[in-house]
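Trainee: no FASTA, just this:
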Ligand code: ADE
């Protein structure tokens, strides 16, 4: 899968893809992530990419031209399944959407907003899907784009190994994940549940399922209703 991320602050996106599981996925060629600086597509001699909002008001708006130029270049090189715009007023991102995207999409463009956002005409004519990662406002779409890319990439087959398998994730079966423990079996008198030390795989599985349901009921009952 290939993900192209367009940003006015590309440095914000350097970290998330340069470490650990995502870096390995990229090194192995399972996923490709390309970060594009929108300023590189400005024809202005000062690399300007934004302008005042028509009608007045505080805040600058990202202009159409540099963004469209970048997207046109990418589209001329390959087909894209979706041009996604990260925005707090988009569709709320969930594990279900991450699964669908990871399974169905081959190439996607993710456009990060900044300042007051992007010219609405980009949303009307170029963007095909708008995603929010939650009901709060970030300074830009970059961190949100990294969240979306991370959650999609880790679901691609062979990105995670047995130990980090996505099958036991919270939400994957509409349940939160059960608690986990590691050595020592006792610390300051705090004990690991006996059952986990029993070696009885079937009983352990049942216990984990029970705990997952208990936790989901207590913390996110809405998931059980869904
Ligand atoms: N940009 C700013 N806030 C955002 C959010 N909550 N989700 C997606 N993109 C954003």
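Mentor: Good, I have the coordinates. Values in this document were obtained by computation on a predicted structure and should not be read as measured data. Numbering: from 1, shown residues only.
Trainee: Could you pull up the mean pLDDT of stretch 98-110?
Mentor: On average, the pLDDT along stretch 98-110 is 97.
Trainee: what does this structure put close to the ligand?
Mentor: 86, 87, 88, 113, 132, 133, 134, 136, 137, 138, 141, 144 (CB under 6 Å from any ligand atom). For every residue, glycine as well, the C-beta is placed using N, CA and C.
Trainee: Mark which of those residues are buried, thanks.
Mentor: Taking 16 or more other CB atoms under 10 Å as the criterion, what is buried in those is 86, 87, 88, 113, 132, 133, 138, 141, 144.
Trainee: okay, which residue is most central for the chain?
Mentor: residue 148 (1.1 Å; CA atoms, centre = their mean).
Trainee: Name all residues that make contact with that residue.
Mentor: When contacts are counted by CB atoms under 8 Å, 6 or more residues apart in numbering, residue 148 is found next to 84, 86, 93, 98, 101, 110, 131, 133.
Trainee: next SSE after the longest helix seen in the chain?
Mentor: Using DSSP state H to define each element, the chain has its longest helix at helix 201-219. Note on helix 201-219: by DSSP states H and E, the next helix or strand toward the C-terminus is helix 221-225.
Trainee: Backbone torsions only: list them for the residue of the chain most remote from its centre.
Mentor: Relative to the centre of the chain, and counting by CA atoms, centre = their mean, the farthest-placed residue is residue 189 at 39.3 Å. The phi/psi pair for residue 189 (degrees, to the nearest 10) reads phi 80, psi 0.
Trainee: where's it relative to the ligand, distance?
Mentor: In this view, residue 189 and the ligand are 42 Å apart by CB to the nearest ligand atom, to the nearest Å.
Trainee: per-domain residue ranges of this protein.
Mentor: 2-153, 170-225 (automatic domain parsing).
Trainee: Pick the most buried one from those.
Mentor: domain 2-153 (a mean of 17; mean count of other CB atoms under 10 Å).
Trainee: Now do the end-to-end distance for it.
Mentor: End-to-end span of domain 2-153 (CA to CA, to the nearest Å): 9 Å.
Trainee: Please tell me how far it is from the chain's geometric centre.
Mentor: Centroid displacement of domain 2-153 relative to its chain, using CA atoms, centre = their mean, to the nearest Å, is 11 Å.
Trainee: before we move on, what about stretch 197-213?
Mentor: That offset, for stretch 197-213, works out to 31 Å (CA atoms, centre = their mean).
Trainee: For the longest strand seen in the chain, give the mean pLDDT please.
Mentor: Ranked by residue count and defined by DSSP state E, the top strand of the chain is strand 82-92. Throughout strand 82-92, pLDDT has a mean value of 97.
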